[in-house]
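what shape does this take:
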Amino acid sequence: MSSLVAPPTAGVPARPVAAKPAHRPYRVRVAAVTPLSPSFVRLTFAGDDLADFGADGLDQRIKVVLPLPGTGFDTFPGGDWWSAWRALPDHQRNPFRTYTARAVRPAEREVDVDFVVHADGGPAAAWLATVAAGDEAMLVGPDATSGVRGSGVEWAPGSARTVMIAGDETAAPAICSIVEQLPADARGCVFVEVPGEADVLPLAAPAGVSVHWLPRVDAHAGHGERLQRAVRDWTARYVTAWHRGVDVTDVDVDHDLLWDVPQGEPGRGAALEGDLYAWLAGEAAAIKSLRRFLVSEVGVDRRQVAFMGYWRLGRSEM
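Here you go, the predicted model:
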């Protein structure tokens, strides 16, 4: 059976030797600020260089660079920027945050990025509260002219016949992008926990994929509780004779990087063929718990579970 998503890299070597970095900075401007719900806002970025912005789609990671007071982006390096950025003195080093490219339109030279509206006091929240159409901005994203495809794309279902996708509001843009690119014969289940009922976004899914938005209507429920309960309930109905009790290495969500994805070719396929492929992203502790449940209790091979801790509860990281 074919993969659950047509690989955007079909026929292209996954990691050829490139003459230039796979990702590079793009100086852009904010073309539009579009509120989507009480908790989501879409920024449309525009710029001539975006004609070369990679359009692999799925859960494509990019970075939004935040301006420095007074100097904006004047000290942010170009080209192979990472080492040069790290070498800058603190007062010249722009902060940045990682997001998903919700839509890329190279012909129109535009990129959409959906943001979660937070009042956590972090630099991204402060910038988002004041950003307006016409403002200068900067993205770091894939360079379609580099010869590298699939860099920053974690979705890799291989030949899995069923998908289970779960995440909180921070994962909603990536989840929506993935679901919109599933083939018509895909099957599975999608769970998205969001702050409130008004944050349920329109999302077209294949007939065999059910989408469940999970608003936190109970003020006493903790972050991730509805998500974990929904995944456990669905898995109990789906799984029949899998229980193998595989132990999972623990992860310290306060210090360790919580990010583990199948070691297949980026954007093309997982390392192991299996019936179920799970993609989990969101708050670190909740995602850790879900990963442990699927691998240790259900018996899903860990190579069939992509899990990404996007943030940690109680920390202003977004």
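
against residue 203, how distant is the spatially closest residue to residue 68 that is not a sequence neighbour?
Spatial nearest neighbour of residue 68, excluding adjacent residues (CB to CB, 6 or more residues apart in numbering): residue 94 at 5.6 Å. C-beta here means a position set from N, CA and C on the backbone, and glycine is covered the same way. Separation of residue 94 from residue 203 (CB to CB, to the nearest Å): 33 Å.

now residue 156
From residue 156 to residue 203 the distance is 21 Å (CB to CB).

so which of these two has more stuff around it?
A count of neighbours by other CB atoms under 10 Å puts residue 156 above the other of residue 156 and residue 203, at 28 against 15.

what kind of secondary structure is that one in?
Of the three states, residue 156 takes coil under DSSP: H, G, I helix; E, B strand; the rest coil.

wait, it touches residue 306, no?
Yes - look at residue 156 against residue 306 with CB atoms under 8 Å: they come within range, at 7.0 Å.

could you list the low-pLDDT ranges of the protein?
Across the chain, residues meeting the criterion (pLDDT under 70) sit at 1-19, 120-121, 219-220, 238-274, 314-318.

apply 50 and report the result again.
The chain contains residues with pLDDT under 50 at 1-3, 5-13, 15-18, 240-248, 251-257, 264-273, 316-318.

could you pull out the helices for it?
Taking DSSP state H, the helices of the chain run over residues 81-87, 123-130, 172-180, 225-238, 284-292.

now the first one: buried residues?
By neighbour count with 16 or more other CB atoms under 10 Å, helix 81-87 contains the buried residues 81, 85.

show me what it is in contact with.
Applying CB atoms under 8 Å, 6 or more residues apart in numbering, the external contacts of helix 81-87 come out as 21, 24-25, 76-77, 93-94, 140.

report the buried members of those residues.
Applying 16+ other CB under 10 Å to those, the neighbour count classes 21, 24-25, 76-77, 94, 140 as buried.

between those residues, which sits nearest residue 123?
Residue 123 has its nearest neighbour among those in residue 94, at 9.5 Å by CB to CB.

if I pick the closest one, what's in contact with it?
Contact analysis of residue 94 by CB under 8 Å, 6+ apart lists 65-68, 73, 75-76, 85, 138.

now for the residues you listed: which two are most distant?
Maximum distance among the contacts of residue 94 (CB to CB): 14.3 Å, for 67 and 85.

so what's residue 187 closest to, chain neighbours aside?
residue 208 (3.5 Å).

ok, now which ones touch the one you found?
Counting by CB under 8 Å, 6+ apart, residue 208 has contacts 185-188.

export those residues as JSON lines, with columns for distance to residue 234.
Shown next, in JSON lines, are the contacts of residue 208 (distance: CB to CB, whole Å):
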{"residue": "185", "distance to residue 234": "20"}
{"residue": "186", "distance to residue 234": "16"}
{"residue": "187", "distance to residue 234": "13"}
{"residue": "188", "distance to residue 234": "9"}
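
for those, pick the one with the most neighbours.
Counting neighbours by other CB under 10 Å, residue 188 comes out on top of those with 26 neighbours.

quickly list what it is bridged to.
Beta bridges link residue 188 to residue 163, residue 209, judged by DSSP bridges.

ok, back up a step: between which two of the contacts of helix 81-87 is the distance greatest?
Taking CB to CB as the measure, those have their most distant pair in 21 and 93, spaced 18.7 Å apart.

how deep is the nearest residue to residue 125 once chain neighbours are set aside tucked in, by neighbour count?
Nearest non-adjacent residue to residue 125, counting by CB to CB, 6+ apart: residue 118, 4.6 Å away. Using other CB under 10 Å, residue 118 is surrounded by 19 other residues.

circling back to that earlier point, now, which of the contacts of helix 81-87 lie within strands?
24-25, 140 (DSSP state E).

contact partners for residue 68?
With contact taken as CB under 8 Å, 6+ apart, residue 68 is in contact with 74-75, 91-92, 94.

as CSV, these with distance to residue 161 would be great.
Listed next are the contacts of residue 68 as CSV, based on distance: CB to CB, whole Å:
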residue, distance to residue 161
74, 52
75, 50
91, 53
92, 51
94, 44
